[in-house]
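S.K.: quick one, what's the 3D model for this:
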Amino acid sequence: MGSRAPATGLGRDLAVVAAIATAILLLPLGTQSGAALHAVILTLLATVLGQGWNILGGFGGQFSFGNALFFGVGAYAAAVLQMRLGINAWIALPLAAAAGAAVGALVGALAFRYGLKGSYFALVTLAFAEVFRILANMLPFTGGGVGLMLPLDTRAAAMQFASRVGYLYLIGAFAVAGFLLHVWLRHSRFGAWLVAIRDNEAAAAALGVDAFRVKLAAIVLCGALTATSGLFYVQYLHYIDPNIAFGPAFSVEALLGPIVGGMGTVFGPLVGAIVLHALSESTRNLVADVPGVSLALYGAVLIVMVRYMPGGIMGLLRRR
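M.R.: Just a heads-up that it's a prediction; the model follows:
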């Protein structure tokens with residue numbers, strides 16, 4: 001199953017995480033541009049999305065095509081808890097993460113119990129996302145097809161802020177927490193079990209690894225972390241509807257970031273998110289807002305990466 005990485009590797013990873021956290025903290029001193037801060041915020045949001053997918057797909061080798069399921073659950077849990085039940089957003093945060101974890105446990109228990117993997121597991125996650133989209137369109141407490149609009153309350157106590165700096169620090173905290181979780185996975189026994197299952201599940205089981213429990217724990221972590229990105233989306237943009245929450249856009253973004261940056265690496269989701277958002281902005285400047293261009297571009301990037309750079313950018317840098 002492999003051994004743990006040396007202590008120097010752990011120290012190096014933690015030093016990079018500390019450098020990223022410092023850069024996020026100091027960024028407002030370098031620019032107060034709303035457009036620049038917005039671009040960084042969206043990049044960090046994509047990073048957290050990718051981190052959630054990377055736990056299950058990158059470390060564990062269980063490819064999900066429906067991570068919008070967990071994103072949407074987190075977004076709707078946050079909105080419903082605040083608007084229908086009057087629960088403070090900071091209290092809704094762990095509850096939304098718990099809702100994402102619970103849905104992850106449900107999907108994992110059904111899929112992994114019956115040995116679904118590969119394309120079958122990917123299609124199951126995609127199907128669950130579509131089922132939840134239909135339910136969100138039908139149920140009255142979700143606002144149906146109209147969606148929910150969070151009341152504006154620009155106080156930190158309501159997890160809303162008068163400037164984008166507050167949102168930058170909030171999503172930055174989520175991203176740093178995701179990095180620390182990835183560092184733990186890379187240097188822990190649980191992470192070694194996940195990688196062993198990814199490389200050869202039968203061999204890992206022969207060595208005593210409980211594949212079902214390990215994969216179930218991984219999808220629970222994936223669901224919880226991805227749900228926090230859904231909560232942030234609602235707090236930042238104050239609106240959610242079924243097609244946004246459970247649509248394909250966030251599922252594609254969640255898987256493409258780690259694939260481009262490097263699956264199963266600590267910083268691959270960040271590298272992939274930076275590259276994809278830079279590419280998306282460049283394309284938008286060239287073709288304006290033509291519908292479907294971003295998804296078509298992402299599909300082309302995915303084909304190129306799988307064919308020519310399966311290890312992603314981090315893998316290329318490691319070889320060089």
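S.K.: the residue lying farthest from the centre of the chain and residue 213: what is the separation?
M.R.: Distance from the C-alpha centroid of the chain, by CA atoms, centre = their mean, peaks at residue 206 (31.5 Å). Relative to residue 213, residue 206 is positioned 16 Å away (CB to CB, to the nearest Å). C-beta: built from backbone N, CA, C; applies to glycine.
S.K.: then residue 67?
M.R.: Applying CB to CB to residue 67 and residue 213 gives a distance of 21 Å.
S.K.: which of these two has more neighbours?
M.R.: Counted by other CB atoms under 10 Å, residue 67 and residue 213 do not tie: residue 67 has more neighbours, with 28 against 12.
S.K.: and that one, what is it in contact with?
M.R.: If you count contacts by CB atoms under 8 Å, 6 or more residues apart in numbering, residue 67 has them with 49, 52, 53, 125, 129, 222, 226, 250, 251, 254, 255.
S.K.: so the closest residue to it other than its chain neighbours, which of the three states?
M.R.: Of all residues not flanking residue 67 in the chain, residue 254 sits nearest, at 4.1 Å (CB to CB, 6 or more residues apart in numbering). Assigned with DSSP: H, G, I helix; E, B strand; the rest coil, residue 254 falls in the helix class.
S.K.: phi, psi of residue 149?
M.R.: Main-chain dihedrals, residue 149, degrees, to the nearest 10: phi -120, psi 120.
S.K.: hmm, who's touching the least confident helix or strand in the chain by mean pLDDT?
M.R.: Taking mean pLDDT, DSSP states H and E as the measure, the helix or strand of the chain with the lowest value is helix 293-308, at a mean of 75. Around helix 293-308, the neighbours that count as contacts under CB under 8 Å, 6+ apart are 248-249, 252-253, 256, 259-260, 276, 279-280, 283-284, 287, 312.
S.K.: cutoff 7 Å now
M.R.: Contacts with helix 293-308, where a contact means CB atoms under 7 Å, 6 or more residues apart in numbering, come from 252, 256, 259, 260, 279, 280, 283, 287, 312.
S.K.: most widely separated two among those residues?
M.R.: In the contacts of helix 293-308, two members sit farther apart than any others by CB to CB. They are 287 and 312, at 26.1 Å.
S.K.: okay, those two: which has more neighbours?
M.R.: Comparing residue 287 with residue 312 by other CB under 10 Å, the one with more neighbours is residue 312, at 25 against 11.
S.K.: next one: the closest residue in space to the more buried one that isn't next to it in sequence from residue 8, what distance?
M.R.: Once flanking residues are discounted, residue 312 sits nearest to residue 262: 3.4 Å by CB to CB, 6+ apart. With distances taken as CB to CB, residue 262 is found 20 Å from residue 8.
S.K.: what about the two, which has more around it?
M.R.: Remark: of residue 262 and residue 8, residue 262 carries more neighbours, 28 against 8, as counted by other CB under 10 Å.
S.K.: can you report phi and psi for that one?
M.R.: According to degrees, to the nearest 10, residue 262 has phi 140, psi 110.
S.K.: residues contacting it?
M.R.: Residue 262 neighbours (CB under 7 Å, 6+ apart): 268, 271, 311, 312, 313, 314, 315.
S.K.: select from these the one having the most neighbours.
M.R.: residue 268 (27 neighbours).
S.K.: can I assume it is in contact with residue 255?
M.R.: No: judged on CB atoms under 7 Å, residue 268 makes no contact with residue 255 at a distance of 11.8 Å.
S.K.: list only those of the contacts of helix 293-308 flagged as buried.
M.R.: 252, 256, 259, 260, 280, 312 (16 or more other CB atoms under 10 Å).
S.K.: distance-wise, check the spatially most central residue of the chain relative to residue 12.
M.R.: What sits nearest the mean C-alpha location of the chain, by CA atoms, centre = their mean, is residue 49, with 1.7 Å. Distance, residue 49 to residue 12, by CB to CB: 25 Å.
S.K.: also residue 177?
M.R.: Residue 177 is 19 Å from residue 12, by CB to CB.
S.K.: then residue 133?
M.R.: For residue 133, the distance to residue 12 - CB to CB - is 42 Å.
S.K.: between the two, which one's more packed in?
M.R.: residue 133 (22 against 14).
S.K.: so what's the more buried one up against?
M.R.: Counted by CB under 7 Å, 6+ apart, residue 133 has contacts 242, 246.
S.K.: thanks a lot, see you next time.
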